[in-house]
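**Student:** Sequence and predicted structure below; questions after.
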Amino acid sequence: MTISKAIIVFLLLCFLSSTITILCDPNPLVCNETEKHALLSFKHALFDPTHSLSSWSAQEDCCGWNGVRCHNITGRVIDLDLFNFGLVGKVSPALLQLEFLNYLDLSRNDFGGTPIPSFLGSMRSLTYLDLSFASFGGLIPPQLGNLSNLLHLRLGGADYSYEPQLYAENLRWISHLSSLKLLFMSEVDLHQEGQWIESTSILSSLSMLLLEDCELDNMSPSLEYVNFTSLTVLSLYGNHFNHEIPYWVSNLSTSLLELNLARNSLKGHIPITILELRYLNLLYLSRNQLTGQIPEYLGQLKHLEALSLRYNSFDGPIPSSLGNLSSLRNLYLYGNRLNGTVPSSLWLLSNLKELDIGNNSLVDTISEVHFNELSKLKYLDMSSTSLTFKVNSNWVPSFQLEELLMSSCQMGPKFPTWLQTQTSLRNLDISKSGIVDIAPTWFWKWASHIEWIYLSDNQISGDLSGVWLNNTIIYLNSNCFTGLLPAVSPNVTVLNMANNSFSGPISHFLCQKLKGRSKLEALDLSNNDLSGELPLCWKSWQSLTHVNLGNNNFSGKIPDSISSLFSLKALHLQNTGLSGSIPSSLRDCTSLGLLDLSGNKLLGNVPNWIGELAALKICQLSSLIVLDVSDNELSGIIPRCLNNFSLMAAIETPEDLFTDLDHSNYELEGLVLMTVGRGLEYKGILKYVRMVDLSSNNFSGSIPTELSQLIGLRFLNVSKNHLMGRIPEKIGRMTSLLSLDLSTNHLSGEIPQSLADLTFLNRLNLSCNQFRGRIPLSTQLQSFDAFSYIGNAQLCGVPLTKNCTEDDESQGMDTIDENEEGSEMRWFYISMGLGFIVGFWGVCGALLFKKSWRHAYFQFLYDIRDWVYVAVAIRMNWFHDNWRRLLVSETHH
């Protein structure tokens, strides 16, 4: 009896335990086997490099898989969230077996430009579909309009490495998504859709409409009313509406909270009807062509939290009414033509977090009193203005900035000591701010947590020998710093310390021990007093792409180890006292685009591999656009392979050539070109420069005719060498030339007429040669003064004072060398003879050996003979009849 009771109690406890386990288990049911196999088929169609789907195993319950969620009761898959899983491949139609799926997010993956599958339009249970930034391409399938339960649709976000871009011929299918609340399209080509407003305004439930960078060109400005009854967010950023802000926008007054019309080429003024949007809390109109004054009535939009009017053409003062926007958090007025002072009401916006009034013509003195109410300020940009920032040295601001941009805003002459109170600062720009002071000892340790630091173009001094720099972007150039070069951390990517007074051996810096692999991409130490030989430590800096060590006092040779900089794009070693030859190992720097070795003591020939660098462009290697080896002791002939510079032989300029590094707001590369005695600095537009400068060397031989194939070349200087022979006849093909200097050589012959075709030429020097004959007559060549031609005793004509005689005229007509003429005539007769032989035997040989052709040919001649006979006979009869009638008529008269 006792045993049976114990058994009953045990069974009861087991039942209660299993019941509690089932009730407490959030996933009491395993997933459906059909759906499990469907998901595995979906996985097999994909490549998973990040192993995000590693939990998707046939041995595991699919409801526990990463990214999968099942219904708590039925166990059917309802959510598939694969956002940013790093998946590559195609979308398998196996998804159709997930018949209860209502949430599908495939965004931030890579589907390789494949079309969006049309079968997704059959998944009628979907309420959420996100395919954005997933590298889909081609036509958006209109079958998506069958998803009548859809609430949320996100498409686009192009990857331009895939073609074609995602596009839609029209949006009529959108009108069937009657429940849609959010429609997001980014970088979807909708330029064919002229009725997008009609198609989307039908959706009465639509609350968020974002069509960004979609090539739209018409907002239907003539429309007065649009039926967006529930719209709270409208973003049309980055389209091409080349007209005024349309009136119908003000009809969205009952619901609209956010309006983004930035970067649209909108014109005109901000209309007063904008006040109808009385609940608006975000208004972005930046990067348009809006004009006039910023209207005072904007101060009546009481709910505004963010206002951006950057990069327009607004003029006049900042309206004081903006101080009425008590909820304002972000105010962006950068890049207009605003003038006057900053209204005092602006400094009372206590909720302000970001204030950007830079790049305007504002004139005012700003003191610490102005910031008393701005305790929430995180971002301050007053750069490129005439504002004076004058605060007490012991000022402790109430705010904690994250970004401070004060370039070209007067802050000096004392170093701003209040900066040490800003412990959250990430980006600091106080360049060109008039500071004439010693950098305080606390500054470098305090600045170690800052990501970007710009102190350039001041007169800040101090010995940096013991300083350690840990910032990502560092600009200390054009100051008065002294001592040995500071040590840097491996985190530094851009380091510019040019135009200072640093001294000591360069090896002290290049051979320092780094705690980790260097990320340095751009190094500029030019215009200092550095000395010693270039060391062999370049392998520690293999991420370098831009190196400028010019205008220092080095000695010795260019080391072969510099070739370990495999990613090098620009190398400046001008005026550094280097000797020896150009190392052959430099040919391994296959991305080299700028090479400046001028003003040294280099010997030997220009190696042929310099031309081969560009020739290998076909093999994914970049080409030189600037080659400067002037002022050396190089000799030999000019290599004929210079025509291999493919970028100099092209007029178009790749957009990514010599652009700034990703983290930098400043141009990394600048260049001073000596063009006919004038130093011109090219900064910011270097990628458009094409230059070959071989001047002041000992080159001999002729100017290679291949040079005329460089039709994109803008600067050519081969002056002060020992060149002989003629100017290439086809030099007129180099139509991009801005400057041409062939002076102080032994060039002879006539100036070719084709030189007059260089219509962009604004600098020309042919002086001190042995040219003869008349200067070709053209508006271009006569526009230069006599100094461009002096030192050529047998040269005559305008602008020289020497008039041309008959002998000179006859010489001027003879522009072709006798040898060249004889050669051309020989080839003319040879080609004529060959042509006769080939033509004769091509016809007669075929008739001789091909019987059917021979019969057809003679039959054709017989037919022609008969046709001619008949035609002549008819014409003679007609003539005879007319003549007879004429005689009869005269007889009667």
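**Tutor:** Thanks, I have it.
**Student:** Residue 481 versus the nearest residue to residue 546 once chain neighbours are set aside, what's the distance?
**Tutor:** Spatial nearest neighbour of residue 546, excluding adjacent residues (Cβ to Cβ, 6 or more residues apart in numbering): residue 522 at 4.2 Å. Using the backbone N, CA and C atoms, a C-beta is placed for each residue, glycine as well. Going from residue 522 to residue 481 by Cβ to Cβ, to the nearest Å gives 18 Å.
**Student:** quick one, helices of the stretch 501-650 of the chain?
**Tutor:** Counting by DSSP state H, counting those that start in this stretch, the stretch 501-650 of the chain has helices at residues 507-510, 609-615.
**Student:** Pick out the shakiest of these, pLDDT-wise.
**Tutor:** With a mean of 47, helix 609-615 has the lowest mean pLDDT of those.
**Student:** give me the low-pLDDT residue ranges for this structure?
**Tutor:** Across the chain, the ranges flagged by pLDDT under 70 are 1-29, 158-164, 606-624, 643-647, 649-688, 806-893.
**Student:** Neighbouring strands of the host helix or strand of residue 129 in the sheet, and parallel or not?
**Tutor:** Secondary structure assignment for residue 129, by DSSP states H and E: strand 128-130. Strand 128-130 has its sheet partners listed here by DSSP bridges as strand 103-105 (parallel), strand 152-156 (parallel).
**Student:** can the ones you listed go into a markdown table with extra columns for distance to residue 411 and mean neighbour count?
**Tutor:** A markdown table is the format used below for the strands paired with strand 128-130 (distance: least, Cβ to Cβ, whole Å; neighbours: other Cβ atoms under 10 Å):
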| stretch | distance to residue 411 | mean neighbour count |
| --- | --- | --- |
| strand 103-105 | 48 | 20 |
| strand 152-156 | 44 | 22 |
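**Student:** Pipe the ones you listed into a markdown table and attach distance to residue 605 per row.
**Tutor:** Below are those laid out as a markdown table (distance: least, Cβ to Cβ, whole Å):
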| stretch | distance to residue 605 |
| --- | --- |
| strand 103-105 | 63 |
| strand 152-156 | 55 |
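**Student:** Next up, the contacts around the residue lying closest to residue 349 once chain neighbours are set aside.
**Tutor:** Closest residue in space to residue 349, ignoring its immediate chain neighbours: residue 328 at 5.2 Å, by Cβ to Cβ, 6+ apart. Residues near residue 328 by Cβ atoms under 8 Å, 6 or more residues apart in numbering: 304, 305, 306, 307, 322, 349, 351, 352.
**Student:** Separate out the buried members of those.
**Tutor:** Buried by 16 or more other Cβ atoms under 10 Å: 304, 305, 306, 307, 322, 349, 352, out of the contacts of residue 328.
**Student:** Which of the residues you listed fall within strands?
**Tutor:** 306, 307 (DSSP state E).
**Student:** one step back: tabulate the contacts of residue 328 (JSON lines), appending distance to residue 362.
**Tutor:** As requested, those are arranged in JSON lines below (distance: Cβ to Cβ, whole Å):
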{"residue": "304", "distance to residue 362": "22"}
{"residue": "305", "distance to residue 362": "24"}
{"residue": "306", "distance to residue 362": "21"}
{"residue": "307", "distance to residue 362": "17"}
{"residue": "322", "distance to residue 362": "14"}
{"residue": "349", "distance to residue 362": "17"}
{"residue": "351", "distance to residue 362": "22"}
{"residue": "352", "distance to residue 362": "17"}
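**Student:** Of the residues you listed, which is the nearest to residue 215?
**Tutor:** residue 306 (26.2 Å; Cβ to Cβ).
**Student:** you'd agree that closest one is up against residue 280?
**Tutor:** No. In this structure residue 306 lies outside contact range of residue 280 using Cβ atoms under 8 Å: 9.9 Å.
**Student:** wait, isn't residue 715 in contact with residue 691?
**Tutor:** Yes. Between residue 715 and residue 691 there is a contact at 4.0 Å, judged by Cβ under 8 Å.
**Student:** Please name the nearest non-neighbouring residue to residue 185.
**Tutor:** Nearest to residue 185 is residue 156, by Cβ to Cβ, 6+ apart, at 4.8 Å.
**Student:** beta partners of that neighbour?
**Tutor:** Here residue 156, judged by DSSP bridges, has bridge partners residue 186.
**Student:** That one against residue 166, yeah?
**Tutor:** Yes. Judged on Cβ under 8 Å, residue 156 makes contact with residue 166 at a distance of 5.5 Å.
**Student:** Can you check which residues contact both of these two?
**Tutor:** Shared contacts of residue 156 and residue 166, defined by Cβ under 8 Å, 6+ apart, are found at 187, 188.
**Student:** Would you map the helices across the stretch 101-250 of the chain?
**Tutor:** Going by DSSP H, counting those that start in this stretch, the stretch 101-250 of the chain shows helices at 196-201.
**Student:** ok so, going back, distance check, the residue nearest to residue 185 against residue 189.
**Tutor:** Here the criterion is Cβ to Cβ. By it, residue 156 lies 9 Å from residue 189.
**Student:** and for those two, which residues touch both?
**Tutor:** With Cβ under 8 Å, 6+ apart, residue 156 and residue 189 have common neighbours 166, 214.
**Student:** In space, what's closest to residue 336 - neighbours in sequence excluded?
**Tutor:** residue 314 (4.3 Å).
**Student:** Could you count how many residues lie near that neighbour?
**Tutor:** Residues lying near residue 314 (other Cβ atoms under 10 Å) number 23.
**Student:** and if you look at residue 689?
**Tutor:** Quick note: residue 689 (other Cβ under 10 Å) scores 20 neighbours.
**Student:** Verify the stated contact: it with residue 625.
**Tutor:** Yes. Taking contacts as Cβ under 8 Å, residue 689 lies within contact range of residue 625: 6.6 Å.
**Student:** Residue 743: helix or strand, and which one exactly?
**Tutor:** Residue-wise, residue 743 maps onto no helix or strand under DSSP H and E.
**Student:** just the strands in the stretch 401-550 of the chain please.
**Tutor:** 403-405, 427-429, 452-454, 461-463, 468-469, 473-475, 480-483, 487-488, 494-496, 501-505, 522-524, 529-533, 546-548 (DSSP state E, counting those that start in this stretch).
**Student:** So what touches stretch 223-236?
**Tutor:** 197, 200-202, 204-212, 216, 219, 246-249, 251-252, 254-261, 264.
**Student:** again, 6 Å this time
**Tutor:** 197, 201, 204-205, 207-212, 247-248, 251-252, 255-261 (Cβ atoms under 6 Å, 6 or more residues apart in numbering).
**Student:** In three-state terms, label the spatially closest residue to residue 372 that is not a sequence neighbour for me.
**Tutor:** Spatial nearest neighbour of residue 372, excluding adjacent residues (Cβ to Cβ, 6+ apart): residue 398 at 7.0 Å. Under DSSP: H, G, I helix; E, B strand; the rest coil, residue 398 falls in the coil class.
**Student:** neighbours around residue 466, how many?
**Tutor:** Counted with other Cβ under 10 Å, residue 466 comes out at 10.
**Student:** mind listing what it touches?
**Tutor:** For residue 466, counting by Cβ under 6 Å, 6+ apart, there are no contacting residues.
**Student:** Now do it against residue 569, distance only.
**Tutor:** Between residue 466 and residue 569 the computed distance is 32 Å (Cβ to Cβ).
**Student:** List the buried residues in stretch 773-780.
**Tutor:** Here stretch 773-780 shows 773, 774, 775, 776, 780 as buried, counting by 16+ other Cβ under 10 Å.
**Student:** no, scratch that, I was asking about stretch 719-730
**Tutor:** Neighbour counts over stretch 719-730 (16+ other Cβ under 10 Å) mark 719, 720, 721, 723, 725, 726, 727, 728, 729 as buried.
**Student:** could you dump those residues to CSV with distance to residue 584 and secondary structure?
**Tutor:** Formatted as CSV, these follow (distance: Cβ to Cβ, whole Å; DSSP: H, G, I helix; E, B strand; the rest coil):
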residue, distance to residue 584, secondary structure
719, 27, coil
720, 26, coil
721, 23, coil
723, 25, strand
725, 29, strand
726, 32, coil
727, 32, coil
728, 29, coil
729, 34, helix
